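Engineer: sequence and predicted model, in that order:
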Amino acid sequence: MSAQREMKEKNPWHKPLTIIITVIGVIAIVALVTVAGLQNRPVFQKYKYGIVLDAGSSHTALYIYKWPAEKDNNTGRIEQKHSCKVKGKGISSYAAVPEKAGTSLTECMQEAEMQVPAWRHQETPLYLGATAGMRLLNMENKVASDKVFEAVEKALQRFPFSYQGARILSGQEEGAFGWVTVNYLDDRLKQGLQTTGALDLGGASTQISFVPHEYDISESPSNAVAFQLYGNYYNLYTHSFLCYGKDQALRMALAHQTRSGPIAISDPCFHPDYSVTRNYNTLYDSPCVSERKPKVAPLNFTHTGEGNFLQCQEVIRSLFNFKSCKYSKCSFNGIFQPPVQGSFGAFSAYYFVMNFLNLTDGSMSLETITNYVANYCSTPWDQIKKVYPDINEKYLAEYCFSGTYILTLLTEGYNFNTETFSKIKFIKEIKGSDAGWTLGYMLNLTNMIPAETKDSPPLPHAGYVSIVTVIVLLLFILVTLFILSFRSIWPKCSKEPQIV
Ligand SMILES: Nc1ccn([C@@H]2O[C@H](COP(=O)(O)OP(=O)(O)O)[C@@H](O)[C@H]2O)c(=O)n1
Ligand SMILES: [Ca+2]
(Lines give C-alpha, C1' and ligand atoms only; values in the text may rest on other atoms or scores of the structure.)
(Ligands and ions follow the chains in the order given, each with its own letter.)
Protein backbone atom coordinates (compact mmCIF):
# COMPACT_ATOMS: atom_id res chain seq x y z
CA MET A 1 0.00 0.00 0.00
CA SER A 2 2.85 2.38 0.92
CA ALA A 3 4.46 1.74 -2.43
CA GLN A 4 1.13 2.59 -4.08
CA ARG A 5 0.96 5.90 -2.23
CA GLU A 6 4.53 6.64 -3.22
CA MET A 7 3.69 6.00 -6.86
CA LYS A 8 0.66 8.30 -6.57
CA GLU A 9 2.77 11.06 -5.03
CA LYS A 10 5.40 10.71 -7.80
CA ASN A 11 2.77 10.63 -10.63
CA PRO A 12 3.53 13.73 -12.75
CA TRP A 13 -0.22 14.05 -13.69
CA HIS A 14 -0.80 15.26 -10.19
CA LYS A 15 1.70 18.12 -10.42
CA PRO A 16 0.03 21.57 -11.15
CA LEU A 17 2.86 22.39 -13.58
CA THR A 18 2.13 19.29 -15.66
CA ILE A 19 -1.57 20.13 -15.77
CA ILE A 20 -0.78 23.67 -16.98
CA ILE A 21 1.61 22.32 -19.61
CA THR A 22 -1.02 19.87 -20.82
CA VAL A 23 -3.77 22.54 -21.03
CA ILE A 24 -1.46 24.92 -22.92
CA GLY A 25 -0.46 22.07 -25.21
CA VAL A 26 -4.08 21.24 -26.03
CA ILE A 27 -4.84 24.93 -26.64
CA ALA A 28 -1.78 25.19 -28.91
CA ILE A 29 -2.88 22.17 -30.95
CA VAL A 30 -6.43 23.50 -31.28
CA ALA A 31 -5.02 26.91 -32.32
CA LEU A 32 -2.74 25.29 -34.88
CA VAL A 33 -5.53 23.25 -36.41
CA THR A 34 -7.89 26.26 -36.46
CA VAL A 35 -5.37 28.65 -38.07
CA ALA A 36 -4.36 26.10 -40.68
CA GLY A 37 -8.00 25.26 -41.38
CA LEU A 38 -9.04 28.89 -41.80
CA GLN A 39 -6.03 29.75 -43.89
CA ASN A 40 -6.46 26.87 -46.30
CA ARG A 41 -10.26 26.71 -46.59
CA PRO A 42 -11.45 26.76 -50.20
CA VAL A 43 -11.98 30.38 -51.28
CA PHE A 44 -15.70 30.94 -51.88
CA GLN A 45 -16.25 31.23 -55.64
CA LYS A 46 -17.89 34.53 -56.48
CA TYR A 47 -19.32 35.24 -59.92
CA LYS A 48 -19.98 38.38 -61.85
CA TYR A 49 -22.75 38.62 -64.38
CA GLY A 50 -23.55 40.39 -67.61
CA ILE A 51 -26.80 40.53 -69.57
CA VAL A 52 -27.14 40.96 -73.33
CA LEU A 53 -30.44 41.29 -75.17
CA ASP A 54 -30.30 40.18 -78.80
CA ALA A 55 -33.04 42.19 -80.49
CA GLY A 56 -33.25 40.26 -83.76
CA SER A 57 -35.62 40.86 -86.64
CA SER A 58 -37.87 37.92 -85.76
CA HIS A 59 -37.61 37.88 -81.97
CA THR A 60 -35.61 39.09 -78.97
CA ALA A 61 -33.61 36.78 -76.73
CA LEU A 62 -31.99 37.58 -73.39
CA TYR A 63 -28.70 35.97 -72.42
CA ILE A 64 -27.12 36.00 -68.97
CA TYR A 65 -23.38 35.34 -68.82
CA LYS A 66 -21.33 34.66 -65.73
CA TRP A 67 -17.62 34.54 -64.97
CA PRO A 68 -15.53 34.16 -61.81
CA ALA A 69 -15.09 37.47 -60.00
CA GLU A 70 -11.34 36.99 -59.72
CA LYS A 71 -11.10 37.43 -63.48
CA ASP A 72 -8.39 35.48 -65.17
CA ASN A 73 -7.86 36.92 -68.61
CA ASN A 74 -6.07 33.86 -69.84
CA THR A 75 -8.81 31.36 -69.34
CA GLY A 76 -11.98 31.16 -71.38
CA ARG A 77 -14.37 31.11 -68.53
CA ILE A 78 -17.25 33.38 -69.45
CA GLU A 79 -20.19 31.10 -69.90
CA GLN A 80 -23.89 31.35 -70.56
CA LYS A 81 -25.87 30.94 -67.36
CA HIS A 82 -29.37 31.39 -68.70
CA SER A 83 -31.34 32.42 -71.77
CA CYS A 84 -34.89 33.65 -72.18
CA LYS A 85 -36.87 33.96 -75.40
CA VAL A 86 -39.07 37.06 -75.38
CA LYS A 87 -42.67 36.25 -76.32
CA GLY A 88 -43.91 37.78 -79.56
CA LYS A 89 -42.04 39.27 -82.47
CA GLY A 90 -38.89 41.36 -82.74
CA ILE A 91 -38.84 44.96 -81.44
CA SER A 92 -38.91 46.38 -85.00
CA SER A 93 -42.42 44.94 -85.43
CA TYR A 94 -43.70 47.39 -82.78
CA ALA A 95 -43.01 50.46 -84.93
CA ALA A 96 -46.68 51.47 -84.75
CA VAL A 97 -46.96 50.81 -80.98
CA PRO A 98 -43.45 51.51 -79.58
CA GLU A 99 -44.41 51.17 -75.87
CA LYS A 100 -45.20 47.52 -76.52
CA ALA A 101 -41.61 46.95 -77.64
CA GLY A 102 -40.62 47.94 -74.09
CA THR A 103 -43.27 45.98 -72.23
CA SER A 104 -42.57 42.86 -74.31
CA LEU A 105 -39.22 42.56 -72.52
CA THR A 106 -40.66 42.59 -68.99
CA GLU A 107 -41.06 38.85 -68.46
CA CYS A 108 -37.52 37.94 -69.48
CA MET A 109 -36.15 40.85 -67.45
CA GLN A 110 -38.00 39.61 -64.38
CA GLU A 111 -36.49 36.21 -64.99
CA ALA A 112 -33.06 37.86 -65.12
CA GLU A 113 -33.76 39.48 -61.73
CA MET A 114 -34.29 36.02 -60.28
CA GLN A 115 -31.27 34.50 -62.02
CA VAL A 116 -28.68 37.07 -60.96
CA PRO A 117 -28.08 37.22 -57.17
CA ALA A 118 -29.68 40.38 -55.78
CA TRP A 119 -26.43 41.70 -54.31
CA ARG A 120 -24.93 41.67 -57.81
CA HIS A 121 -27.84 43.45 -59.57
CA GLN A 122 -26.48 46.99 -59.37
CA GLU A 123 -23.12 46.12 -60.85
CA THR A 124 -24.43 43.77 -63.55
CA PRO A 125 -24.15 45.47 -66.94
CA LEU A 126 -27.14 45.24 -69.23
CA TYR A 127 -26.85 45.79 -72.97
CA LEU A 128 -29.29 45.61 -75.84
CA GLY A 129 -28.04 45.13 -79.36
CA ALA A 130 -30.42 45.27 -82.28
CA THR A 131 -29.66 43.75 -85.65
CA ALA A 132 -31.09 43.75 -89.17
CA GLY A 133 -34.78 44.25 -88.28
CA MET A 134 -33.96 47.60 -86.64
CA ARG A 135 -31.43 48.41 -89.39
CA LEU A 136 -34.27 48.13 -91.88
CA LEU A 137 -36.74 50.11 -89.74
CA ASN A 138 -34.10 52.78 -89.22
CA MET A 139 -33.67 53.08 -93.00
CA GLU A 140 -37.39 53.08 -93.63
CA ASN A 141 -38.62 55.26 -90.78
CA LYS A 142 -36.00 56.81 -88.50
CA VAL A 143 -38.59 58.45 -86.23
CA ALA A 144 -40.31 55.13 -85.57
CA SER A 145 -36.97 53.43 -84.94
CA ASP A 146 -35.99 56.12 -82.42
CA LYS A 147 -39.33 55.72 -80.64
CA VAL A 148 -38.84 51.97 -80.34
CA PHE A 149 -35.41 52.55 -78.79
CA GLU A 150 -36.86 55.16 -76.42
CA ALA A 151 -39.51 52.72 -75.21
CA VAL A 152 -37.01 49.88 -74.86
CA GLU A 153 -34.60 52.12 -72.98
CA LYS A 154 -37.31 53.25 -70.57
CA ALA A 155 -38.40 49.67 -69.91
CA LEU A 156 -34.86 48.42 -69.29
CA GLN A 157 -33.98 51.29 -66.96
CA ARG A 158 -36.74 50.22 -64.59
CA PHE A 159 -34.73 47.17 -63.64
CA PRO A 160 -32.00 47.26 -60.98
CA PHE A 161 -29.16 46.38 -63.37
CA SER A 162 -26.46 48.70 -64.64
CA TYR A 163 -28.04 49.71 -67.95
CA GLN A 164 -25.38 50.38 -70.56
CA GLY A 165 -27.49 51.34 -73.55
CA ALA A 166 -29.34 50.01 -76.55
CA ARG A 167 -27.99 50.38 -80.07
CA ILE A 168 -28.03 48.96 -83.54
CA LEU A 169 -24.97 46.82 -84.27
CA SER A 170 -23.35 47.35 -87.63
CA GLY A 171 -23.31 44.30 -89.91
CA GLN A 172 -19.55 44.21 -89.50
CA GLU A 173 -19.84 44.05 -85.69
CA GLU A 174 -22.51 41.37 -85.92
CA GLY A 175 -20.30 39.22 -88.14
CA ALA A 176 -17.11 39.79 -86.16
CA PHE A 177 -18.66 39.15 -82.73
CA GLY A 178 -20.24 35.93 -84.00
CA TRP A 179 -16.79 34.81 -85.11
CA VAL A 180 -15.29 35.76 -81.73
CA THR A 181 -18.00 33.74 -79.91
CA VAL A 182 -17.40 30.57 -81.91
CA ASN A 183 -13.63 30.71 -81.55
CA TYR A 184 -13.71 31.72 -77.89
CA LEU A 185 -16.00 28.82 -76.97
CA ASP A 186 -13.83 26.41 -78.96
CA ASP A 187 -10.79 27.65 -77.00
CA ARG A 188 -9.07 28.56 -80.26
CA LEU A 189 -8.17 32.14 -79.42
CA LYS A 190 -6.09 31.74 -76.29
CA GLN A 191 -4.30 28.75 -77.76
CA GLY A 192 -3.59 30.56 -81.01
CA LEU A 193 -5.08 27.64 -83.00
CA GLN A 194 -6.39 27.79 -86.57
CA THR A 195 -9.68 29.60 -86.32
CA THR A 196 -13.16 28.50 -87.38
CA GLY A 197 -15.25 30.64 -89.72
CA ALA A 198 -18.72 31.79 -88.66
CA LEU A 199 -21.89 31.64 -90.76
CA ASP A 200 -24.93 33.34 -89.25
CA LEU A 201 -28.31 33.25 -90.94
CA GLY A 202 -30.87 35.60 -89.45
CA GLY A 203 -34.32 36.58 -90.62
CA ALA A 204 -33.27 39.87 -92.19
CA SER A 205 -29.51 39.62 -92.71
CA THR A 206 -26.82 37.00 -93.01
CA GLN A 207 -23.14 37.14 -92.05
CA ILE A 208 -20.02 35.34 -93.22
CA SER A 209 -16.73 35.76 -91.30
CA PHE A 210 -13.45 33.87 -91.57
CA VAL A 211 -9.70 34.34 -91.57
CA PRO A 212 -8.53 33.77 -95.15
CA HIS A 213 -5.34 31.85 -95.66
CA GLU A 214 -2.60 33.66 -97.56
CA TYR A 215 -5.06 36.07 -99.11
CA ASP A 216 -4.75 39.81 -98.85
CA ILE A 217 -8.04 41.22 -97.63
CA SER A 218 -6.93 44.83 -97.71
CA GLU A 219 -8.42 45.33 -101.18
CA SER A 220 -11.78 45.91 -99.47
CA PRO A 221 -11.16 47.66 -96.11
CA SER A 222 -14.85 47.65 -95.21
CA ASN A 223 -14.69 43.82 -95.07
CA ALA A 224 -11.54 43.64 -92.97
CA VAL A 225 -11.44 43.62 -89.17
CA ALA A 226 -8.12 43.43 -87.35
CA PHE A 227 -8.10 41.91 -83.87
CA GLN A 228 -5.53 41.37 -81.22
CA LEU A 229 -6.75 38.68 -78.85
CA TYR A 230 -4.67 36.92 -76.20
CA GLY A 231 -1.57 38.30 -77.87
CA ASN A 232 -2.48 36.85 -81.28
CA TYR A 233 -3.25 38.98 -84.32
CA TYR A 234 -6.14 38.16 -86.64
CA ASN A 235 -7.12 39.68 -89.96
CA LEU A 236 -10.73 38.74 -90.25
CA TYR A 237 -12.82 38.92 -93.40
CA THR A 238 -16.47 39.66 -92.63
CA HIS A 239 -19.56 40.68 -94.54
CA SER A 240 -23.19 41.10 -93.62
CA PHE A 241 -25.78 40.96 -96.41
CA LEU A 242 -28.78 43.05 -95.46
CA CYS A 243 -32.04 41.58 -96.86
CA TYR A 244 -30.44 38.14 -97.28
CA GLY A 245 -31.68 36.71 -93.98
CA LYS A 246 -34.12 33.90 -94.74
CA ASP A 247 -37.35 35.87 -94.13
CA GLN A 248 -36.37 38.85 -96.28
CA ALA A 249 -34.92 36.51 -98.93
CA LEU A 250 -38.31 34.80 -99.10
CA ARG A 251 -39.95 38.19 -99.60
CA MET A 252 -37.49 38.91 -102.39
CA ALA A 253 -38.22 35.55 -103.99
CA LEU A 254 -41.97 36.20 -103.85
CA ALA A 255 -41.44 39.75 -105.14
CA HIS A 256 -39.44 38.36 -108.03
CA GLN A 257 -42.30 36.04 -108.92
CA THR A 258 -44.99 38.72 -108.56
CA ARG A 259 -43.13 41.55 -110.33
CA SER A 260 -45.77 41.75 -113.06
CA GLY A 261 -48.61 41.91 -110.53
CA PRO A 262 -50.38 38.58 -111.25
CA ILE A 263 -53.41 37.28 -109.37
CA ALA A 264 -51.75 33.90 -108.84
CA ILE A 265 -48.26 32.37 -108.82
CA SER A 266 -47.11 28.77 -108.86
CA ASP A 267 -44.04 28.76 -106.62
CA PRO A 268 -41.38 26.01 -107.01
CA CYS A 269 -40.15 26.75 -103.46
CA PHE A 270 -43.40 25.57 -101.82
CA HIS A 271 -44.87 22.07 -101.66
CA PRO A 272 -47.25 20.76 -104.35
CA ASP A 273 -50.91 21.42 -103.35
CA TYR A 274 -49.93 24.25 -101.02
CA SER A 275 -52.21 27.24 -101.52
CA VAL A 276 -52.74 30.48 -99.58
CA THR A 277 -53.91 34.00 -100.35
CA ARG A 278 -51.36 36.74 -99.80
CA ASN A 279 -51.71 40.48 -99.68
CA TYR A 280 -49.59 42.59 -102.03
CA ASN A 281 -49.21 45.48 -99.57
CA THR A 282 -48.05 43.17 -96.79
CA LEU A 283 -45.55 41.41 -99.05
CA TYR A 284 -44.00 44.63 -100.32
CA ASP A 285 -43.90 46.35 -96.92
CA SER A 286 -40.13 46.14 -96.48
CA PRO A 287 -37.24 48.22 -97.82
CA CYS A 288 -35.83 44.96 -99.25
CA VAL A 289 -38.62 44.82 -101.82
CA SER A 290 -40.65 48.05 -101.63
CA GLU A 291 -39.03 49.56 -104.71
CA ARG A 292 -39.96 46.55 -106.78
CA LYS A 293 -43.66 46.73 -106.03
CA PRO A 294 -45.64 46.39 -109.29
CA LYS A 295 -47.36 49.62 -110.35
CA VAL A 296 -50.53 47.79 -111.14
CA ALA A 297 -51.56 44.85 -108.99
CA PRO A 298 -54.68 43.44 -107.36
CA LEU A 299 -55.07 43.53 -103.58
CA ASN A 300 -54.18 39.86 -103.15
CA PHE A 301 -52.65 37.00 -105.05
CA THR A 302 -52.97 33.25 -104.74
CA HIS A 303 -49.74 31.61 -103.75
CA THR A 304 -49.66 27.95 -104.75
CA GLY A 305 -46.80 25.48 -104.50
CA GLU A 306 -45.07 23.41 -107.13
CA GLY A 307 -42.29 21.69 -105.16
CA ASN A 308 -39.44 21.82 -107.64
CA PHE A 309 -36.00 22.19 -106.10
CA LEU A 310 -34.10 23.04 -109.32
CA GLN A 311 -36.61 25.69 -110.34
CA CYS A 312 -36.60 27.05 -106.79
CA GLN A 313 -32.82 27.37 -107.05
CA GLU A 314 -33.34 29.27 -110.28
CA VAL A 315 -35.61 31.78 -108.48
CA ILE A 316 -33.10 32.14 -105.63
CA ARG A 317 -30.21 32.58 -108.06
CA SER A 318 -32.08 35.57 -109.50
CA LEU A 319 -31.73 37.30 -106.09
CA PHE A 320 -27.96 37.32 -106.45
CA ASN A 321 -26.13 39.58 -108.85
CA PHE A 322 -23.02 37.82 -110.16
CA LYS A 323 -22.27 40.33 -112.91
CA SER A 324 -20.16 43.10 -111.49
CA CYS A 325 -17.05 42.56 -109.37
CA LYS A 326 -14.35 45.19 -109.07
CA TYR A 327 -12.20 43.03 -106.79
CA SER A 328 -10.01 39.99 -107.41
CA LYS A 329 -12.89 37.80 -106.23
CA CYS A 330 -16.51 38.34 -105.22
CA SER A 331 -19.33 36.44 -103.59
CA PHE A 332 -22.32 38.27 -105.08
CA ASN A 333 -23.74 41.79 -105.49
CA GLY A 334 -20.21 43.05 -106.19
CA ILE A 335 -19.04 42.20 -102.66
CA PHE A 336 -15.42 41.19 -102.19
CA GLN A 337 -14.86 37.72 -100.77
CA PRO A 338 -11.68 35.64 -100.70
CA PRO A 339 -12.06 31.87 -101.28
CA VAL A 340 -13.62 30.18 -98.24
CA GLN A 341 -11.02 28.56 -96.05
CA GLY A 342 -10.97 26.06 -93.19
CA SER A 343 -13.78 24.82 -90.99
CA PHE A 344 -16.99 26.78 -90.37
CA GLY A 345 -19.67 26.86 -87.72
CA ALA A 346 -23.12 27.68 -89.14
CA PHE A 347 -25.65 28.80 -86.57
CA SER A 348 -28.99 30.53 -85.92
CA ALA A 349 -31.41 29.80 -88.81
CA TYR A 350 -28.78 27.65 -90.57
CA TYR A 351 -29.05 25.33 -87.60
CA PHE A 352 -32.83 25.58 -87.07
CA VAL A 353 -33.59 24.75 -90.71
CA MET A 354 -30.99 22.01 -91.14
CA ASN A 355 -31.95 20.51 -87.78
CA PHE A 356 -35.61 20.42 -88.78
CA LEU A 357 -34.64 18.65 -92.02
CA ASN A 358 -32.43 16.22 -90.04
CA LEU A 359 -29.36 17.30 -91.96
CA THR A 360 -27.00 18.34 -89.16
CA ASP A 361 -25.17 15.01 -89.13
CA GLY A 362 -21.71 16.05 -90.34
CA SER A 363 -21.13 12.87 -92.35
CA MET A 364 -23.61 13.74 -95.12
CA SER A 365 -22.20 14.93 -98.42
CA LEU A 366 -23.42 18.02 -100.25
CA GLU A 367 -24.96 15.73 -102.86
CA THR A 368 -26.88 13.69 -100.29
CA ILE A 369 -28.15 16.84 -98.61
CA THR A 370 -29.20 18.36 -101.95
CA ASN A 371 -31.09 15.22 -102.93
CA TYR A 372 -32.80 15.13 -99.56
CA VAL A 373 -33.98 18.77 -99.82
CA ALA A 374 -35.12 18.20 -103.43
CA ASN A 375 -37.15 15.19 -102.31
CA TYR A 376 -38.55 17.09 -99.31
CA CYS A 377 -39.69 19.97 -101.54
CA SER A 378 -41.48 17.65 -103.92
CA THR A 379 -43.48 16.05 -101.09
CA PRO A 380 -47.16 17.17 -101.24
CA TRP A 381 -48.26 19.67 -98.60
CA ASP A 382 -50.96 17.40 -97.13
CA GLN A 383 -48.39 14.72 -96.49
CA ILE A 384 -45.98 17.20 -94.86
CA LYS A 385 -48.75 18.44 -92.54
CA LYS A 386 -49.52 14.86 -91.50
CA VAL A 387 -45.88 14.12 -90.67
CA TYR A 388 -45.49 17.33 -88.63
CA PRO A 389 -48.91 17.98 -87.06
CA ASP A 390 -47.46 19.99 -84.15
CA ILE A 391 -45.54 22.56 -86.17
CA ASN A 392 -47.11 25.91 -86.94
CA GLU A 393 -48.16 25.76 -90.62
CA LYS A 394 -46.66 29.13 -91.49
CA TYR A 395 -43.21 27.93 -90.40
CA LEU A 396 -43.68 24.41 -91.74
CA ALA A 397 -44.50 25.70 -95.22
CA GLU A 398 -41.21 27.61 -95.42
CA TYR A 399 -38.65 24.85 -94.79
CA CYS A 400 -38.49 23.86 -98.48
CA PHE A 401 -37.62 27.44 -99.43
CA SER A 402 -35.25 27.83 -96.46
CA GLY A 403 -33.38 24.59 -97.18
CA THR A 404 -33.00 25.48 -100.84
CA TYR A 405 -31.96 29.01 -99.95
CA ILE A 406 -29.27 27.78 -97.54
CA LEU A 407 -27.79 25.42 -100.13
CA THR A 408 -27.87 28.04 -102.88
CA LEU A 409 -26.43 30.79 -100.69
CA LEU A 410 -23.58 28.59 -99.53
CA THR A 411 -22.66 27.05 -102.87
CA GLU A 412 -23.46 29.73 -105.39
CA GLY A 413 -23.32 32.79 -103.16
CA TYR A 414 -20.24 32.05 -101.05
CA ASN A 415 -18.72 29.46 -103.42
CA PHE A 416 -18.52 26.46 -101.10
CA ASN A 417 -17.88 23.32 -103.15
CA THR A 418 -18.32 19.63 -102.35
CA GLU A 419 -15.07 19.57 -100.42
CA THR A 420 -15.31 22.85 -98.51
CA PHE A 421 -19.02 22.27 -97.75
CA SER A 422 -18.07 19.16 -95.76
CA LYS A 423 -16.19 21.43 -93.35
CA ILE A 424 -19.35 23.27 -92.31
CA LYS A 425 -20.82 22.19 -88.98
CA PHE A 426 -24.40 23.21 -88.24
CA ILE A 427 -24.39 24.12 -84.59
CA LYS A 428 -26.75 25.58 -82.03
CA GLU A 429 -24.38 25.89 -79.12
CA ILE A 430 -20.85 25.19 -78.01
CA LYS A 431 -20.20 23.91 -74.48
CA GLY A 432 -23.58 25.07 -73.26
CA SER A 433 -23.41 28.61 -74.68
CA ASP A 434 -25.46 29.56 -77.74
CA ALA A 435 -23.53 30.40 -80.90
CA GLY A 436 -24.32 33.99 -81.90
CA TRP A 437 -22.89 37.49 -81.66
CA THR A 438 -23.98 38.19 -78.06
CA LEU A 439 -21.16 36.40 -76.23
CA GLY A 440 -18.50 38.05 -78.43
CA TYR A 441 -20.15 41.40 -77.72
CA MET A 442 -20.14 40.68 -74.00
CA LEU A 443 -16.49 39.54 -74.06
CA ASN A 444 -15.52 42.76 -75.75
CA LEU A 445 -17.43 44.86 -73.27
CA THR A 446 -16.38 43.03 -70.11
CA ASN A 447 -12.81 44.13 -70.73
CA MET A 448 -14.11 47.42 -69.44
CA ILE A 449 -15.28 45.96 -66.15
CA PRO A 450 -12.41 46.30 -63.68
CA ALA A 451 -11.47 42.95 -62.20
CA GLU A 452 -12.44 42.59 -58.58
CA THR A 453 -9.51 42.07 -56.23
CA LYS A 454 -8.97 38.40 -55.68
CA ASP A 455 -10.54 36.91 -52.56
CA SER A 456 -7.55 36.70 -50.20
CA PRO A 457 -7.04 34.25 -47.28
CA PRO A 458 -7.65 35.78 -43.77
CA LEU A 459 -3.91 36.14 -43.04
CA PRO A 460 -1.08 37.27 -45.25
CA HIS A 461 1.22 34.35 -46.00
CA ALA A 462 4.11 35.68 -43.84
CA GLY A 463 1.76 36.14 -40.88
CA TYR A 464 0.41 32.63 -41.31
CA VAL A 465 3.94 31.14 -41.41
CA SER A 466 4.99 33.12 -38.27
CA ILE A 467 1.96 32.04 -36.26
CA VAL A 468 2.37 28.40 -37.23
CA THR A 469 6.11 28.53 -36.42
CA VAL A 470 5.47 30.06 -32.97
CA ILE A 471 2.80 27.46 -32.17
CA VAL A 472 5.02 24.59 -33.35
CA LEU A 473 7.94 25.93 -31.25
CA LEU A 474 5.66 26.27 -28.24
CA LEU A 475 4.45 22.72 -28.72
CA PHE A 476 8.03 21.51 -29.02
CA ILE A 477 8.98 23.20 -25.72
CA LEU A 478 5.88 21.81 -24.01
CA VAL A 479 6.57 18.29 -25.22
CA THR A 480 10.19 18.57 -24.02
CA LEU A 481 9.08 19.84 -20.59
CA PHE A 482 6.52 17.12 -20.43
CA ILE A 483 9.05 14.40 -21.20
CA LEU A 484 11.51 15.83 -18.67
CA SER A 485 8.92 15.90 -15.91
CA PHE A 486 8.04 12.26 -16.64
CA ARG A 487 11.69 11.23 -16.69
CA SER A 488 12.15 12.47 -13.13
CA ILE A 489 10.02 9.51 -11.92
CA TRP A 490 10.29 6.89 -14.69
CA PRO A 491 13.73 5.51 -13.79
CA LYS A 492 12.57 4.77 -10.21
CA CYS A 493 9.29 3.31 -11.30
CA SER A 494 10.91 0.88 -13.70
CA LYS A 495 13.40 -0.40 -11.14
CA GLU A 496 10.82 -1.12 -8.42
CA PRO A 497 9.36 -4.63 -8.23
CA GLN A 498 5.82 -5.07 -9.47
CA ILE A 499 3.28 -5.12 -6.66
CA VAL A 500 0.57 -7.64 -7.21
N1 LIG B 1 -36.56 28.03 -83.42
C2 LIG B 1 -36.28 28.92 -84.37
C3 LIG B 1 -35.89 30.23 -84.01
C4 LIG B 1 -35.61 31.13 -85.02
N5 LIG B 1 -35.71 30.76 -86.34
C6 LIG B 1 -35.39 31.70 -87.41
O7 LIG B 1 -34.08 32.19 -87.23
C8 LIG B 1 -34.02 33.53 -87.72
C9 LIG B 1 -33.46 34.40 -86.61
O10 LIG B 1 -33.28 35.66 -87.10
P11 LIG B 1 -33.12 36.93 -86.16
O12 LIG B 1 -34.43 37.23 -85.48
O13 LIG B 1 -31.96 36.75 -85.31
O14 LIG B 1 -32.91 38.04 -87.25
P15 LIG B 1 -31.66 38.97 -87.63
O16 LIG B 1 -31.92 40.28 -86.98
O17 LIG B 1 -30.43 38.30 -87.12
O18 LIG B 1 -31.66 39.05 -89.12
C19 LIG B 1 -35.43 33.92 -88.16
O20 LIG B 1 -35.55 33.71 -89.54
C21 LIG B 1 -36.30 32.92 -87.40
O22 LIG B 1 -37.49 32.64 -88.09
C23 LIG B 1 -36.08 29.48 -86.67
O24 LIG B 1 -36.14 29.15 -87.85
N25 LIG B 1 -36.38 28.58 -85.68
CA1 LIG C 1 -29.68 37.15 -85.36
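Structural biologist: Happy to help now that I have it. Ligands and ions are numbered 1, 2, ... in the order given.

Engineer: ok, now which ones touch the residue in the stretch 51-200 of the chain positioned nearest to ligand 1?
Structural biologist: The stretch 51-200 of the chain approaches ligand 1 most closely through Gly56 (2.6 Å), counting by CB to the nearest ligand atom. Just so you know, the C-beta spots here come from the backbone N, C-alpha and C atoms, and that holds for glycine as well. Gly56 sits next to 90, 130-133, 202-203 when contact means CB atoms under 8 Å, 6 or more residues apart in numbering.

Engineer: how far away is it from Ala349?
Structural biologist: 10 Å (CB to CB, to the nearest Å).

Engineer: neighbours of Arg292, how many?
Structural biologist: Around Arg292 there are 13 other residues, counting by other CB atoms under 10 Å.

Engineer: isn't it up against Tyr284?
Structural biologist: Yes - using CB atoms under 8 Å, Arg292 makes contact with Tyr284 at a distance of 7.4 Å.

Engineer: run through the residues of the stretch 301-450 of the chain sitting next to ligand 1.
Structural biologist: Neighbours of ligand 1 within the stretch 301-450 of the chain, by CB under 6 Å from any ligand atom: 348-349, 352.

Engineer: related to what we said a few turns ago, tell me the predicted confidence for the residue of the stretch 51-200 of the chain closest to ligand 1.
Structural biologist: You'll see Gly56 listed with a pLDDT of 98.

Engineer: related to what we said a few turns ago, quick one: common contacting residues for Gly56 and Ala349?
Structural biologist: Taking CB under 8 Å, 6+ apart as the contact rule, Gly56 and Ala349 both touch 202-203.

Engineer: mind pulling up the pLDDT for the residue in the stretch 351-500 of the chain that ligand 2 sits nearest to?
Structural biologist: Nearest to ligand 2, among the residues of the stretch 351-500 of the chain, is Gly436, at 6.4 Å (CB to the ion). Note for Gly436: predicted pLDDT of 98.

Engineer: burial of it, as a residue count?
Structural biologist: Neighbour count of Gly436, defined by other CB under 10 Å: 28.

Engineer: could you measure from it over to Val479?
Structural biologist: Gly436 is 66 Å from Val479, by CB to CB.

Engineer: and Leu310, by the same measure?
Structural biologist: Taking CB to CB, one finds Leu310 at 93 Å from Val479.

Engineer: ok, now Ile51?
Structural biologist: Distance from Ile51 to Val479, counting by CB to CB: 59 Å.

Engineer: who's more crowded, these two?
Structural biologist: Per other CB under 10 Å, whichever of Ile51 and Val479 has more neighbours is Ile51, with 29 against 12.

Engineer: so what's the more buried one up against?
Structural biologist: Contact analysis of Ile51 by CB under 8 Å, 6+ apart lists 62-65, 112, 116, 124-127, 161.

Engineer: for burial, what's the neighbour tally of Thr360?
Structural biologist: Residues near Thr360, counting by other CB under 10 Å, number 17.

Engineer: for it, which residues are in contact?
Structural biologist: 351, 354, 426 are the contacts of Thr360 under CB under 8 Å, 6+ apart.

Engineer: dump those residues to CSV, plus distance to Asp390, secondary structure and pLDDT.
Structural biologist: CSV is the format used below for those (distance: CB to CB, whole Å; DSSP: H, G, I helix; E, B strand; the rest coil; pLDDT from 0 to 100):
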residue, distance to Asp390, secondary structure, pLDDT
Tyr351, 19, helix, 98
Met354, 19, helix, 98
Phe426, 22, strand, 98
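
Engineer: so, low pLDDT: which residues of the chain?
Structural biologist: In the predicted model of the chain, residues 1-14, 21, 32, 34-45, 71-76, 447-465, 468, 471, 482, 486-500 satisfy pLDDT under 70.

Engineer: domain ranges for it?
Structural biologist: 47-168, 246-426 (the TED database).

Engineer: winner for burial among the ones you listed?
Structural biologist: Mean neighbour count (mean count of other CB atoms under 10 Å) peaks for domain 47-168 among those, with a mean of 19.

Engineer: first-to-last residue distance for that one?
Structural biologist: 29 Å (CA to CA, to the nearest Å).

Engineer: anything in that domain near ligand 2?
Structural biologist: Yes - Domain 47-168 reaches ligand 2 (CB under 5 Å from the ion) through Gly56.

Engineer: before we move on, the earlier item: now, which of the contacts of Ile51 sits nearest Thr418?
Structural biologist: If you rank the contacts of Ile51 by distance to Thr418 using CB to CB, Tyr63 comes first, at 35.7 Å.

Engineer: ok so Ile64 is a strand residue?
Structural biologist: Yes - checked against DSSP: H, G, I helix; E, B strand; the rest coil, Ile64 lies within a strand.

Engineer: may I have the beta-bridge partners of it?
Structural biologist: Beta bridges link Ile64 to Ile51, His82 when assigned by DSSP bridges.

Engineer: contacts only, for it.
Structural biologist: By CB under 8 Å, 6+ apart, the contact list for Ile64 reads 49-51, 80-83, 112, 115-116.

Engineer: any idea what the residue of the stretch 301-450 of the chain found nearest ligand 2 is bridged to?
Structural biologist: Of all residues in the stretch 301-450 of the chain, Ser348 sits closest to ligand 2, at 5.3 Å by CB to the ion. Following DSSP bridges, Ser348 is listed with bridge partners Leu201.

Engineer: list the contacts for it?
Structural biologist: 200-202, 435-436.

Engineer: okay, the contacts of Ile51 in CSV with distance to Leu319 next?
Structural biologist: Shown next, in CSV, are these (distance: CB to CB, whole Å):
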residue, distance to Leu319
Leu62, 33
Tyr63, 32
Ile64, 37
Tyr65, 36
Ala112, 39
Val116, 43
Thr124, 42
Pro125, 39
Leu126, 37
Tyr127, 33
Phe161, 41
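
Engineer: then Asn194 would be within a strand, right?
Structural biologist: Residue 194: Gln, not Asn. No - in this structure, Gln194 is coil, not part of a strand, as judged by three-state DSSP.
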